[in-house]
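*Asks:* quick one: sequence plus predicted model below, questions after.
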Amino acid sequence: MNSIKQNDITPDMTVLDIIGKYRETEAVFKRYDAAAGECICCNALFETVKEISEKYEIDLQEILRDLHSAISGPG
């Protein structure tokens, strides 16, 4: 049984809020740096996931899926 709910990370949460609560998500944001063309954690720390998605043209559902995978761990 997985104790983490899908809505633990929502599109209206900031990068700082997410990393502060789930340190393991920092690696997810770093993987998106190339697509963004800059360090997301450096330049968008106070922006929401939705804002990042729009600003860097990153698929919102994809990044949310990756963030949830990071916090739910293997399998």
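*Replies:* On my side now, so go ahead.

*Asks:* only C-alpha atoms for contact and neighbour calcs from this point on.
*Replies:* Fine.

*Asks:* what about the closest residue to residue 59 other than its chain neighbours, which helix or strand?
*Replies:* Nearest non-adjacent residue to residue 59, counting by Cα to Cα, 6 or more residues apart in numbering: residue 53, 6.0 Å away. Assessed by DSSP states H and E, residue 53 sits inside helix 49-56.

*Asks:* tell me the SS of residue 45?
*Replies:* coil (DSSP: H, G, I helix; E, B strand; the rest coil).

*Asks:* does the most centrally placed residue in the chain sit in a helix, a strand or a coil?
*Replies:* Nearest residue to the geometric centre of the chain (Cα atoms, centre = their mean): residue 67, 4.9 Å. Here residue 67 is helix, with the state taken from three-state DSSP.

*Asks:* so it is in contact with residue 26, correct?
*Replies:* No - contact between residue 67 and residue 26 fails when scored by Cα atoms under 8 Å: they sit 9.0 Å apart.

*Asks:* ok so, going back, now for the helix holding residue 53, which elements pack on it?
*Replies:* Judged by 3 or more Cα pairs under 8 Å, 6 or more residues apart in numbering; DSSP states H and E, the packing partners of helix 49-56 are helix 60-72.
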